[in-house]
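Engineer: Compute the structure for the input listed below.
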Amino acid sequence: MINVIMIHLIYLGQCHPDFKLFLLLFTTPAFFIISGYLAHVNKPAKVFFKKVFWWLVPYVIMEGAYIVMASFLPIKEHIDHLTLGTFFHHLLLSPLGPYWYIHDLIIGYVGYYLLYIVAGKERKRLQLVVALSAMVLLSCVFKFISIQSCLFFIIGVIIKQTERSFVKFFHPSWIALGLFLCLLCFHTQIGISSLGKNIIISFLFISSILLLYPYFPTRFTNCINLIGRNTLAILLFSPMFTIITKQFVPILSFEPTATLFTVVSIVFVILGCFAITYLMDICKISPFFCGEKRFWHTNTRT
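Structural biologist: Numbers count the residues shown, from 1 in each chain. Take a look at the predicted model:
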């Protein structure tokens with residue numbers, strides 16, 4: 001989630017375009033691999049679609065607001081002339097801002113559930129894998145979902161279906177960390193396809209993080225776990241604050257590496273998102289926005 005914030009910091013991208021490109025190579029794939037692995041479809045239809053509905057509500061609200069604001073604000077995705085057709089095109093097919101992740105996740109999750117039902121009571125793994133492969137082909141034809149999102153979501157699903165633990169599949173390794181750091185420096189010089197880089201660097205990234213996690217101080221892990229438990233809230237509200245970080249540039253540009261700007265901006269964005277989430281709980285808006293009494297998660301409940 002921190003990577004997502006950094007990707008949307010325009011000043012950081014201007015100062016370090018290669019670093020932003022590197023973040024793009026593994027951030028989205030890793031998100032969808034984890035999402036596919038954690039996608040639980042062995043549940044009644046009523047329970048399943050209730051969950052999907054409460055993903056859809058905040059998506060429609062926030063993406064709809066983003067589309068409207070894009071017609072007023074001088075952002076990269078500015079819309080010159082907003083019409084009803086343009087609005088629904090972006091809402092249903094081509095989302096603006098970071099909300100395309102929720103859009104693709106909903107489609108991937110629903111598609112996986114329907115294919116799981118079609119696979120029959122035996123839930124044969126091969127049968128399900130074939131069905132999921134068909135889902136990739138359909139995504140290419142109808143383009144309701146990004147092919148990359150669909151592919152990496154399915155990779156996560158297949159890892160789950162093998163009944164291997166996530167940590168065993170992405171085995172923590174010092175070699176993985178070394179290769180990851182090498183690719184950080186030389187990824188632009190490697191002559192393989194973008195998809196190949198996505199797969200390799202995503203695997204190395206997850207393995208490296210799993211390796212380093214036990215060495216992090218307890219206070220630090222408590223902080224990053226808190227961010228992890230509130231990922232959806234940060235994803236939904238972060239655009240409201242990343243656009244404000246442009247005002248930090250004249251103040252913090254004296255530091256030439258943009259490190260200070262990045263750290264201050266990340267903290268500002270996360271605290272801003274936490275504040276909105278906390279206020280929604282206090283004002284009892286959360287049940288109407290996300291279907292839960294509390295949107296702000298401080299414990300380990302998922």
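Engineer: contacts, neighbours, all on C-alpha from now
Structural biologist: Fine.
Engineer: I'd like the next helix or strand past the helix or strand bottoming out on mean pLDDT in the chain.
Structural biologist: When the helices and strands of the chain are scored by mean pLDDT, DSSP states H and E, helix 125-142 comes last with a mean of 60. Next helix or strand after helix 125-142 toward the C-terminus (DSSP states H and E): helix 147-161.
Engineer: Kindly export that following helix (C-alpha atoms) in PDB.
Structural biologist: Taking C-alpha atoms only, helix 147-161 is exported to PDB below (Å, rounded to 0.1, in the frame of the first residue of the first chain):
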ATOM      1  CA  ILE A 147      -5.300  -9.100 -18.400                       C
ATOM      2  CA  GLN A 148      -2.400  -8.500 -15.900                       C
ATOM      3  CA  SER A 149      -4.900  -8.300 -13.000                       C
ATOM      4  CA  CYS A 150      -6.700 -11.400 -14.100                       C
ATOM      5  CA  LEU A 151      -3.500 -13.400 -14.600                       C
ATOM      6  CA  PHE A 152      -1.900 -12.600 -11.200                       C
ATOM      7  CA  PHE A 153      -5.200 -13.000  -9.400                       C
ATOM      8  CA  ILE A 154      -5.400 -16.500 -10.900                       C
ATOM      9  CA  ILE A 155      -1.800 -17.200  -9.900                       C
ATOM     10  CA  GLY A 156      -2.800 -16.500  -6.300                       C
ATOM     11  CA  VAL A 157      -5.800 -18.800  -6.600                       C
ATOM     12  CA  ILE A 158      -3.700 -21.600  -8.000                       C
ATOM     13  CA  ILE A 159      -1.200 -21.300  -5.200                       C
ATOM     14  CA  LYS A 160      -4.100 -21.600  -2.800                       C
ATOM     15  CA  GLN A 161      -5.500 -24.700  -4.700                       C
END
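Engineer: Not counting whichever helix or strand comes after that helix itself, show me its contacts.
Structural biologist: For helix 147-161, the succeeding helix or strand toward the C-terminus, using DSSP H and E, is helix 166-169. Residues from elsewhere that reach helix 166-169 (Cα atoms under 8 Å, 6 or more residues apart in numbering): 37, 159, 160, 210.
Engineer: Quick one: neighbours of the third one, just the number.
Structural biologist: A count of nearby residues for residue 160, using other Cα atoms under 10 Å, gives 19.
Engineer: which residues does the residue nearest to it when sequence neighbours are not counted contact?
Structural biologist: Leaving aside its sequence neighbours, residue 160 sits nearest to residue 37 (Cα to Cα, 6 or more residues apart in numbering; 5.3 Å). Applying Cα under 8 Å, 6+ apart, we find residue 37 in contact with 153, 155, 156, 157, 158, 159, 160, 166.
Engineer: Can you add pLDDT and give the residues you listed back as TSV?
Structural biologist: Below are these laid out as TSV (pLDDT from 0 to 100):
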residue	pLDDT
153	89
155	88
156	89
157	85
158	83
159	87
160	85
166	88
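Engineer: Ranking by neighbours, what's the top pick from those residues?
Structural biologist: Neighbour max across those (other Cα under 10 Å) = residue 153, 29 neighbours.
Engineer: OK, contacts around it?
Structural biologist: Counting by Cα under 8 Å, 6+ apart, residue 153 has contacts 29, 32, 33, 34, 35, 36, 37, 108.
Engineer: Check which element follows the helix or strand the fourth one falls within along the chain.
Structural biologist: Here residue 34, judged by DSSP H and E, is contained in helix 17-37. Note on helix 17-37: by DSSP H and E, the next helix or strand toward the C-terminus is helix 45-70.
Engineer: Can you mark which positions in the host helix or strand of residue 249 are buried?
Structural biologist: Assessed by DSSP H and E, residue 249 sits inside helix 249-252. By 16 or more other Cα atoms under 10 Å, the buried positions in helix 249-252 come out as residue 249.
Engineer: Can you spell out which helices and strands pack onto it?
Structural biologist: When contacts are defined as 3 or more Cα pairs under 8 Å, 6 or more residues apart in numbering; DSSP states H and E, helix 249-252 sits against helix 259-282.
Engineer: what residues are up against residue 38?
Structural biologist: Applying Cα under 8 Å, 6+ apart, the residues near residue 38 are 156, 157, 160.
Engineer: Please tabulate these in TSV, including the columns distance to residue 64.
Structural biologist: Shown next, in TSV, are the contacts of residue 38 (distance: Cα to Cα, whole Å):
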residue	distance to residue 64
156	29
157	30
160	34
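Engineer: Looking at the residues you listed, which is nearest residue 219?
Structural biologist: Distance to residue 219 across the contacts of residue 38 (Cα to Cα) is lowest for residue 156, with 29.5 Å.
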